[in-house]
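J.: Turn this into a model:
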Amino acid sequence: MRVTALKVGATALTLATTVLSALYVTSHLKNPAAPLQPTVLRSGTTTLAGGTLTLGPSVQPSDVQPVTSTYAS
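T.: Presented below is the predicted three-dimensional model:
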């Protein structure tokens, strides 16, 4: 009897969680007018809200040997 009660309780909890998750997702639908990706700032200097933002390339070429193994002891 106790095992059956646990199974029924677990099943009820799973079903309740599934239903509540579905309700949450349907009430928070994505805005179809939203852009798929954020805008990209070009390299250079930009003035924003009283400050200056300087952007440059974040990946620089180098002559370092490539990593051939990621093993660590």
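J.: Now do the same for residue 31: helix, strand or coil?
T.: Secondary structure, DSSP: H, G, I helix; E, B strand; the rest coil: residue 31 is coil.
J.: Check it and give its pLDDT.
T.: We note a pLDDT of 74 for residue 31 in this prediction.
J.: Where does residue 21 sit, in terms of helix or strand?
T.: Residue 21 belongs to helix 2-27 when assigned by DSSP states H and E.
J.: Can you tell me which helix or strand of this structure has the lowest average pLDDT?
T.: strand 44-48 (a mean of 62; mean pLDDT, DSSP states H and E).
J.: The helix holding residue 21 - contacts with which helices or strands?
T.: The helices and strands touching helix 2-27, judged by 3 or more CB pairs under 8 Å, 6 or more residues apart in numbering; DSSP states H and E, number zero. (Each C-beta comes from the backbone N, C-alpha and C, glycine too.)
J.: any low-confidence regions in this structure?
T.: Within the chain, the ranges that satisfy pLDDT under 70 run 35, 37-49, 53-57, 59, 73.
J.: if we go to 50?
T.: Scanning the chain for pLDDT under 50 picks out no residues.
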